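Asks: my questions concern the predicted model and sequence given below.
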Amino acid sequence: MIRHDETINNAPDKHNMVSRNMAEQFPTFKIRSGALTGFAELCRRYQLNPIRLLALEDLSPTVLRSYDISIPYDSLIRVLEHAATEADDPLFSLRLSLRHGIETIGPLGLLAGQCNSLAESLETFKKYVHFHAQGIEIDVKTEGNKALLTYSANVNTEVNLIQLVQLGVGRCFNILRDLRPEGMPVSAVQFQHAQQAPTEDYEKLLGARVLFNQPHNAVIFPARYLTATPNRTSSEVRRYFETYIERAGGKSEKPLELQVTQLIRELMPTGEATASTVAKLLGMNIRVLQRELQAMDTSFRSLLETVRYELAREWMTNSATPLTDLALQLGYSELSAFSRAFKRWSGSSPQQWQEEQWRKIHGSPS
């Protein structure tokens, strides 16, 4: 551990060398724009122009208004590096992370909050985090009476990962803070990289002991709390949907329909986009949910099919995902079932639809 009065080590460390090697081992990944929540406000605190910083990496200001836009890791990391450099604050990304509540990761966080134990909640994150942020791995390790919520970023970039790691570890810290059972302390936070600022600056932000040059990026807490019931997230559910409805246009006459649609959309890749899961996240009995949707002249099944069709068109237009994989991501057990559904929605098979889109963009072959 580096003492408070020791000189900060600015030399390249093993973490940076590993990040350069990873560029050749992993594909290009993306992360949801929710990672930039609070970016504009923090920039203004340092008298920086957030729009200009985004423009340096060809990112639209729209990413500051939506949690759901996929952006390349390189772009995110460089924006954070630009901001940290211009603010002359190596802890910029750590400060940013502390503005992120559990609602910024959407239904994944809300789903975790409904588990019976903290261990189950963290297992939910471990299982599904890659749908929220590709290339990110979260795990829970135990060492004696300590539990470690670990974070690692296996992303294809040659950019220094320290700002990304600070953002990721800070978000893990917040997730654990929002879910932690009553009375559970955070014992320490540790980083693989070398110290970037005085230790007391880290500890003032996090309210916990901070260690550097460690084997894992991790948040440490007493292992006995793994079996305890996590803090329920009903207030976060309401706040999440209030924020979403504002982004979606405010005064909607059918907020429940919007809520259900958004949950289906975000839960789809996890395989948990079911009526029972959605009802649970909304704090409703499934029969009540079905009855209220029926009163709106719709149904869970109808909303599910609408979202499946929208996602299918988006993914078929903007990605090279094989149709078999796309079918599985949309909840179909086989490609033929997806093909039949898509033809029912559009009048064309998926292959015919893709060919037609290609002709619209590129023109008919001469």
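Replies: Yep, that arrived. Residues are numbered from 1 along each chain as shown.
Asks: where does this protein have low pLDDT?
Replies: The model of the chain has pLDDT under 70 over residues 1-28, 66, 68, 103-108, 110, 131-132, 156-157, 232-254, 318-320, 361-366.
Asks: tell me the domain ranges of it?
Replies: In terms of domains, the chain is parsed into 14-227, 252-319+326-332 (source: automatic domain parsing).
Asks: distance between the last one and the chain's centre?
Replies: Averaging C-alpha coordinates over domain 252-319+326-332 and over its chain gives two centres that are 19 Å apart (Cα atoms, centre = their mean, to the nearest Å).
Asks: try the first one
Replies: Relative to its parent chain, domain 14-227 has a centroid offset of 10 Å by Cα atoms, centre = their mean.
Asks: hmm, who's touching the helix or strand that contains residue 128?
Replies: Per DSSP states H and E, residue 128 falls inside helix 118-132. Contacts to helix 118-132, defined as Cβ atoms under 8 Å, 6 or more residues apart in numbering, come from residues 31-32, 34, 105-106, 108, 111-113, 115, 136-140, 149, 175, 179-181, 184, 225-230, 269-270. To be clear about C-beta, it is placed using only N, CA and C from the backbone, and glycine gets the same treatment.
Asks: just checking, what packs against the helix or strand that contains residue 303?
Replies: Assigned by DSSP H and E, residue 303 belongs to helix 300-318. If you count contacts as 3 or more Cβ pairs under 8 Å, 6 or more residues apart in numbering; DSSP states H and E, helix 300-318 packs onto helix 255-267, helix 286-295, helix 323-329, helix 335-346, helix 350-362.
Asks: can I get those in a markdown table with distance to residue 153 and mean neighbour count?
Replies: Shown next, in a markdown table, are the helices and strands packed on helix 300-318 (distance: least, Cβ to Cβ, whole Å; neighbours: other Cβ atoms under 10 Å):
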| stretch | distance to residue 153 | mean neighbour count |
| --- | --- | --- |
| helix 255-267 | 22 | 21 |
| helix 286-295 | 37 | 14 |
| helix 323-329 | 23 | 17 |
| helix 335-346 | 32 | 16 |
| helix 350-362 | 33 | 13 |
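Asks: about what we covered before: go through the helix holding residue 128 and flag the buried ones.
Replies: Neighbour-count burial for helix 118-132, counted by 16 or more other Cβ atoms under 10 Å, picks out 118-119, 121-126, 128-129, 131-132.
Asks: make TSV out of those and add distance to residue 325.
Replies: Listed next are the buried residues of helix 118-132 as TSV, based on distance: Cβ to Cβ, whole Å:
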residue	distance to residue 325
118	33
119	30
121	28
122	27
123	24
124	22
125	23
126	22
128	17
129	19
131	13
132	18
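Asks: of the residues you listed, just say which sits nearest to residue 261.
Replies: residue 131 (17.6 Å; Cβ to Cβ).
Asks: what ranges do the strands span in the stretch 151-300 of the chain?
Replies: Along the stretch 151-300 of the chain, counting by DSSP state E, counting those that start in this stretch, strands occupy 188-190, 209-211, 217-222.
Asks: which ChimeraX command selects the buried ones in the contacts of helix 118-132?
Replies: Typed into ChimeraX, the line below selects the buried ones among those, using 16+ other Cβ under 10 Å:
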select :31,32,34,105,106,108,111,112,113,115,136,138,139,140,149,175,179,180,181,184,225,226,228,230,269,270
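Asks: now residue 150: which helix or strand?
Replies: strand 146-153.
Asks: that strand - contacts with which helices or strands?
Replies: Using 3+ Cβ pairs under 8 Å, 6+ apart: strand 146-153 touches strand 136-143, helix 162-179, strand 217-222.
Asks: partner strands of the first one, with direction?
Replies: Translated: strand 136-143. Using DSSP bridges, strand 136-143 pairs in its sheet with strand 146-153 (antiparallel).
Asks: how about the partner strand: buried residues?
Replies: By neighbour count on 16+ other Cβ under 10 Å, the buried set for strand 146-153 is 147-153.
Asks: would you turn the residues you listed into a markdown table with distance to residue 43?
Replies: Shown next, in a markdown table, are the buried residues of strand 146-153 (distance: Cβ to Cβ, whole Å):
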| residue | distance to residue 43 |
| --- | --- |
| 147 | 35 |
| 148 | 32 |
| 149 | 29 |
| 150 | 30 |
| 151 | 24 |
| 152 | 28 |
| 153 | 23 |
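Asks: biggest separation within those residues, which pair?
Replies: For those, the farthest-apart pair by Cβ to Cβ is 147 and 153; their separation is 20.8 Å.
Asks: quick one on the thing from earlier: what would the helices and strands packed on strand 146-153 look like in a markdown table with distance to residue 98?
Replies: A markdown table is the format used below for the helices and strands packed on strand 146-153 (distance: least, Cβ to Cβ, whole Å):
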| stretch | distance to residue 98 |
| --- | --- |
| strand 136-143 | 18 |
| helix 162-179 | 6 |
| strand 217-222 | 13 |
